[in-house]
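Undergrad: Got a predicted model here, sequence first, then my questions.
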Amino acid sequence: MTFSSYVRLYTDENGESHFEDLAAELAVVDFAPPAPPLNLSHYIPVERFAFFGMPAGWHGEWHPAPRRQYFIVLRGEVEAVASDGETRRFTPGSIVLVEDTTGRGHASRSIGGDAFAVIVQLPD
């Protein structure tokens, strides 16, 4: 068993958002024979995905996520602040499961230059 880490941003029962560190369990799978086996998690149903660009200096005031989605940073750096005050920075390779679709949400901004990411939206 191998694990890969990611971050969850969620809303609690009081409408406050928080970060949580999680790990996806990976198992050795004969995924694409004749290529050798590799590590794979369980499949997660998705609705759609899009590329996402934040220009340098972009800042989003407090807002909830439009829906449950994975946010995967490909280039640049993104800072997010949960409503509990915790701030985290995400660099290329960071994966965030954004689930704060109610309550105050979070604030976010690009750090330094442009940021580029993939958004993978999950079914309702």
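TA: Yep, it's here.

Undergrad: thought Gln69 was touching Val120?
TA: Yes: judged on CB atoms under 8 Å, Gln69 makes contact with Val120 at a distance of 6.1 Å. (Glycine included, C-beta is placed from N, CA and C.)

Undergrad: more neighbours, those two?
TA: Gln69 (23 against 17; other CB atoms under 10 Å).

Undergrad: Chain neighbours aside, what residue packs nearest to the more buried one?
TA: Ranked by CB to CB, 6 or more residues apart in numbering and with sequence neighbours excluded, the top spatial neighbour of Gln69 is Gln121, at 4.5 Å.

Undergrad: How much space separates the one you found from Thr87?
TA: Gln121 sits 25 Å away from Thr87, going by CB to CB, to the nearest Å.

Undergrad: Between the two, point out the one with more neighbours.
TA: Gln121 (17 against 11).

Undergrad: Low-confidence regions, the protein specifically.
TA: 1-3 (pLDDT under 70).

Undergrad: Can you tell me which residue sits nearest the middle of it?
TA: Note on the chain: the residue nearest the mean C-alpha position is Val96, at 1.9 Å, using CA atoms, centre = their mean.
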